Structures are given as C-alpha cells and as structure tokens.
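Enquirer: Sequence and predicted structure, then a few things I'm wondering about:
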Amino acid sequence: MSSAKPIRVLIVDDHSDTLDWMKLLLESRGYVAQTATLGAESEQIRDSWKPQLVLMDSKLPDVGGTDLLRRFKESGSSAEIIMITGHGSVSLAVDAMRAGAYSFIEKPVDPDVLLAMMDKALERSVLSQENQRLREQLQQHAGFANIVSTGARMGRLFQLMSLVAPTDANVLIHGESGTGKELVASAIHEHSKRADGPFVKINCAAVPAELMESELFGHKKGSFTGAVADKVGLVELATGGSLLLDEIGEMAPQLQVKLLRLLQEREFRPIGGTRTIRADFRLICATNAPLDAPSRKIREDLFFRINTITLEIPPLRERPEDIPLLSEHFLSVFADRHQRDVRSIHVSAQEALLRHSWPGNVRELEHVIERAVIVAGGAEIQPADLPDILEQPAPAAGQPAAANDGELTLAEIERQAILRTLEKTNGNKRAAASILGVYRPTLYGKLRKYKLGEYSDASKAPRKARHTGESSTSESTTATDVEEDPAEHGVTRS
C-alpha cells in the first residue's frame with residue numbers, strides 16, 4: 001500500500017498477542033497503527049487521533065463490541081469499522097452491520113483476507129469523503145443560477161453570462177442537444193432587468209411552418225380558415241420580458257424576413273389586423289447547429305441581428321470533471337423527489353459514468369441517475385443499477401475481449417469478475433468472497449451456477465505445502481500435503 005499520508009488504523013482487542021501481530025502486519029504494509037485493550041481507551045484514541053479505520057473485537061472487558069461500535073458512530077467519527085470475533089454467528093454479524101460496521105471477520109484472522117477487506121473499507125471511506133467534497137462543491141460552486149459546474153470552460157461561460165444578462169442585447173446560445181441551452185436562457189432572463197417580466201419560449205422545429213406566424217404574431221378572428229377567435233401572439237405575451245426562439249435555424253425563410261423586420265422596427269401587426277403593436281421584449285435564440293456554417297439555413301442579415309452575443313455550451317464529454325458533481329446533484333434531487341434512501345455512488349459506478357461518451361449530454365446523465373436512484377437496491381448506486389450501455393466494464397489488462405464485446409450480459413460480467421478474483425487470490429475462495437463482498441456460501445452457489453467447479457483443479461490453484469510453504473504442482477501430492485480445509489483454498493485431494 002502506498003499513500004502520501006499513511007492511513008491511521010486503530011486496533012481494539014483485549015488479547016496482547018493479537019494486537020502485536022496485527023500492528024506488525026499493518027506497519028509492514030505502510031499503515032500507522034495504534035492499539036487499545038479497553039473500549040474507554042479506544043474512545044480516547046478516537047477523539048485525539050481520529051483513525052480512518054478501526055479493527056474492533058466483538059467482546060471487550062468493559063463493553064460489548066456492538067455497543068462500542070454504536071458509540072463510535074454516534075460520536076461522528078468517519079472511520080470505517082471492521083468487527084472481529086472468535087465466536088461468529090449470523091445474529092452477531094447482522095447486529096454489527098446494522099450498527100454501522102463495514103464488515104465482519106472471524107478469528108483466526110487470515111492476513112490476506114483482512115488486508116483485502118481493509119482495502120475495500122478504505123475505498124468506501126474515500127468515496128464517502130469524495131461525496132462530502134462534492135456536496136460542498138455544490139454549495140460553493142453552483143455556477144450561475146444553479147447551473148452546476150466547476151470546469152474552466154463553464155467558468156468562462158458563467159462570467160460572460162453575468163456580463164450579458166443585465167443588458168438587453170440579443171443572445172444566441174449554441175450547444176448540442178441536452179447541454180442545457182434552455183437552462184442558460186432562463187438564467188439570463190432571471191438575472192436581467194426584465195426578470196419580473198414573462199419568459200416566453202417556443203421551439204421553432206416543433207411548430208408547423210403554416211402556424212408559426214400565428215404563434216408569434218397572433219391573428220384576428222376570421223383572418224383565415226379556422227381563426228374562430230382573436231389570438232394573442234407570443235411576441236405580445238413577452239412584453240416586458242424575454243422571448244426564447246429555440247432551434248431558430250428551423251424557422252421558415254418567409255418567417256425569417258418578418259422576424260428581421262420585427263427586430264429592426266420593434267413593432268408588428270397580427271395576421272388580419274390593422275393596428276400596429278409596439279414590441280418590447282428581449283430576444284434569446286438557441287440552436288444545436290452552428291448557424292455560421294456554410295450549410296446554415298438562416299438568412300445572413302438575420303444571423304447578424306441575433307448573435308450580438310454568442311454563448312457556446314461545451315458538450316459533457318469535453319468537461320468530464322463535471323460528471324461527478326452533476327451526478328451528486330441529480331442523486332440528491334431524485335432521491336428527494338422519489339423518496340428513496342440513496343446517498344452515494346459506488347466508485348465502480350462512478351468510473352462507468354466517467355467512461356461513457358454522453359451523446360445526450362447533461363440530459364442523458366440526468367435520466368441515467370434518476371433511473372439508478374429508482375432501481376438501486378441499497379443506499380449506494382452500483383454498476384448494475386446503470387443502463388446496460390454504461391455498466392459494461394473495460395476488459396482487464398491482458399484479458400481478451402469477449403466474443404460478444406459490447407453486448408455482455410450481467411451474468412457474463414459477474415462470471416468474469418469471479419474468475420478474475422479467483423485468479424488474483426490463487427483460488428482462495430475465502431479471500432475471493434471477501435473481495436467480492438459476498439458470503440462464501442453465496443460464492444459457492446455462483447461457482448455451481450456458472451459451472452466453475454473446474455477452477456479447483458491444481459492447474460488453476462497452486463497447492464501449498466504444509467511444512468515448506470512452497471507451491472507444489474506434482475501429481476504425486478497426497479492429501480496430507482495440502483491445507484486442512486482444501487475446499488476453502490481452491491484445491492482438491494489427490
């Protein structure tokens with residue numbers, strides 16, 4: 001283990017020999033360890049030293065381990081706690097987990113299993129601290145009008161928005177679909193001198209060309225077939241406020257001419273009307289395609305009218321530093337909206353979010369997190385809670401891609417994870433179960449399910465000699481040469 005600052009570990013046990021070998025083991029791996037034989041002593045060390053991880057015996061002379069664990073949690077300590085016991089039972093494990101323990105391990109303690117469990121506990125601790133940091137960032141760096149970002153490019157956009165908003169200048173917002181163009185437009189309106197006025201918006205691509213003029217300028221009763229009553233147009237409704245024309249590039253050419261005249265003369269007449277109405281609104285336009293490209297669909301003179309200020313919103317794939325912050329923001333929003341007790345995102349799920357290219361940008365991320373909050377089975381979003389396109393892990397180094405790469409099922413992902421973990425532990429199923437975060441019987445069931453019983457072959461798991469500690473792959477190895485519980489270590493008796 002390597003770290004700029006050694007991890008502080010408190011070991012609480014009333015057996016001096018246990019304390020000595022654990023302290024020696026941890027210090028040899030780069031940890032800093034302190035020991036305590038009593039609950040009261042451990043609480044003093046907790047308050048003064050603030051350990052990051054606690055290895056706590058379940059029975060102490062002055063207090064029960066579960067009671068002490070609760071007191072640690074109630075004190076506000078952020079340390080992850082692993083309970084250790086020489087009297088394992090299901091009820092004790094359940095009580096410890098309910099009291100806030102990260103995990104539960106039985107004596108005699110296997111050093112490899114302990115170290116693997118500590119690594120996972122510290123991983124969760126780091127994730128918890130990162131979530132706290134993100135929550136603080138949300139409070140300190142909400143950006144502009146609650147648009148969440150901490151990136152430099154968005155920072156420059158916020159600065160320009162703050163300069164533009166108080167003016168009446170026409171604004172053109174450019175960004176891919178899902179980047180938040182309407183949110184930016186709304187923020188500009190809310191920070192303008194017209195904030196008390198209406199914010200009227202229309203999507204030019206969603207309204208048929210023959211109806212768009214009536215929508216914008218209104219009409220008089222009887223002015224055309226179907227005009228059974230007077231209609232007030234959006235331009236008039238936006239009086240004293242702002243008008244957003246989304247997807248301005250989809251506006252029909254003949255209507256572009258009338259919009260240009262409106263911007264030049266600041267007055268208009270409804271269809272079939274004879275009275276000129278004064279226009280008093282601020283124009284904000286949005287597009288997902290560059291209007292200055294050679295293939296643009298907009299008149300050049302109108303283009304120069306509407307882009308007094310152009311705001312470019314970068315796609316999410318170009319600002320990956322915002323993904324964790326946005327994810328935490330959406331998690332908080334949807335956990336509250338759907339009344340779900342989901343508080344964090346597992347580091348593996350966060351890595352999957354960072355790997356994705358996000359063609360749908362922030363809107364896609366928002367929907368992914370909402371789905372994950374709804375389907376999550378616990379307080380933490382796991383990779384399996386994400387859509388299939390996100391939950392597929394990249395192939396491990398040196399591992400060939402699956403034949404159906406890009407179409408892996410959850411079962412195949414799980415099977416590969418079990419295989420890689422067993423290879424990492426040289427077939428030690430106890431250690432593999434701990435790393436995978438499952439009970440050993442559960443692991444055995446999955447080995448049967450995926451027909452991985454052959455993994456117990458000697459070719460897959462080197463045998464350990466009882467006296468020499470050397471690996472032996474000889475076919476003449478007898479039952480007395482292997483460990484007492486061969487099923488736990490992935491070997492079979494000859």
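Expert: That came through fine. Numbers count the residues shown, from 1 in each chain.
Enquirer: any idea how far Leu122 is from Ile82?
Expert: Ile82 sits 10 Å away from Leu122, taking CB to CB, to the nearest Å as the criterion. Quick note: C-beta positions are derived from backbone N, CA and C, even for glycine.
Enquirer: swap that for Leu316, please
Expert: Separation of Leu316 from Leu122 (CB to CB): 30 Å.
Enquirer: what about those two, which has more around it?
Expert: Set side by side, Leu316 and Leu122 show more neighbours around Leu316, with 24 against 19, by other CB atoms under 10 Å.
Enquirer: show me what contacts that one?
Expert: Counting by CB atoms under 8 Å, 6 or more residues apart in numbering, Leu316 touches Gly178, Thr179, Asp322, Ile323, Leu326, Trp358, Asn361, Val362, Glu364, Leu365.
Enquirer: hmm, try it at 7 Å
Expert: Asp322, Ile323, Trp358, Asn361, Val362, Leu365 (CB atoms under 7 Å, 6 or more residues apart in numbering).
Enquirer: I figured the third one hits Leu365, correct?
Expert: Meaning Trp358. Yes. With contact defined as CB atoms under 7 Å, Trp358 reaches Leu365; the gap is 6.2 Å.
Enquirer: ok, of the contacts of Leu316, which one's closest to Leu38?
Expert: Using CB to CB, Ile323 comes nearest to Leu38 of the contacts of Leu316, at 46.0 Å.
Enquirer: Can you tell me the SS state at that closest one?
Expert: When classified by DSSP: H, G, I helix; E, B strand; the rest coil, Ile323 comes out as helix.
Enquirer: So, low pLDDT: which residues of the chain?
Expert: 1-4, 87-90, 127-146, 291-296, 391-411, 437, 439, 453-494 (pLDDT under 70).
Enquirer: do that again at 50, thanks
Expert: Filtered on pLDDT under 50, the chain yields the residue ranges 1-3, 138, 140-142, 392-407, 456-494.
Enquirer: ok so, going back, ranking the contacts of Leu316 by neighbours, who comes first?
Expert: Neighbour count (other CB under 10 Å) singles out Val362 as the most crowded of those, with 25 neighbours.
Enquirer: List the contacts of it.
Expert: Counting by CB under 7 Å, 6+ apart, Val362 makes contact with Gly178, Thr179, Gly180, Leu316, Leu326.
Enquirer: Can you get me a residue count around the last one?
Expert: When you say that, I think you mean Leu326. Leu326: 20 neighbours (other CB under 10 Å).
Enquirer: Phe199 is in contact with Ala187, isn't it?
Expert: No. If you go by CB under 7 Å, Phe199 and Ala187 don't touch, sitting 10.5 Å apart.
Enquirer: Would you check how far apart the closest residue to Arg153 other than its chain neighbours and Gln159 are?
Expert: Nearest non-adjacent residue to Arg153, counting by CB to CB, 6 or more residues apart in numbering: Pro314, 5.0 Å away. Pro314 sits 14 Å away from Gln159, taking CB to CB as the criterion.
Enquirer: Of the two, give the one with the bigger neighbour count.
Expert: Between Pro314 and Gln159, counted using other CB under 10 Å, the more crowded position is Pro314 (18 against 11).
Enquirer: isn't the more buried one right up against Ala152?
Expert: No. Using CB under 7 Å, Pro314 is not in contact with Ala152, being 10.2 Å away.
Enquirer: export stretch 178-194 as PDB, just CAs?
Expert: Extracted in PDB, the C-alpha atoms of stretch 178-194 (Å, rounded to 0.1, in the frame of the first residue of the first chain):
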ATOM      1  CA  GLY A 178     -29.100  18.100 -24.000                       C
ATOM      2  CA  THR A 179     -26.400  20.500 -22.900                       C
ATOM      3  CA  GLY A 180     -28.800  22.900 -21.200                       C
ATOM      4  CA  LYS A 181     -29.500  25.700 -23.700                       C
ATOM      5  CA  GLU A 182     -32.900  26.400 -22.200                       C
ATOM      6  CA  LEU A 183     -31.500  26.400 -18.700                       C
ATOM      7  CA  VAL A 184     -28.900  29.000 -19.800                       C
ATOM      8  CA  ALA A 185     -31.600  31.100 -21.500                       C
ATOM      9  CA  SER A 186     -33.700  31.000 -18.300                       C
ATOM     10  CA  ALA A 187     -30.700  32.000 -16.200                       C
ATOM     11  CA  ILE A 188     -30.000  35.000 -18.400                       C
ATOM     12  CA  HIS A 189     -33.600  36.100 -18.100                       C
ATOM     13  CA  GLU A 190     -33.600  35.600 -14.300                       C
ATOM     14  CA  HIS A 191     -30.600  37.800 -14.000                       C
ATOM     15  CA  SER A 192     -31.700  40.600 -16.300                       C
ATOM     16  CA  LYS A 193     -33.600  43.800 -15.600                       C
ATOM     17  CA  ARG A 194     -36.600  42.000 -17.200                       C
END
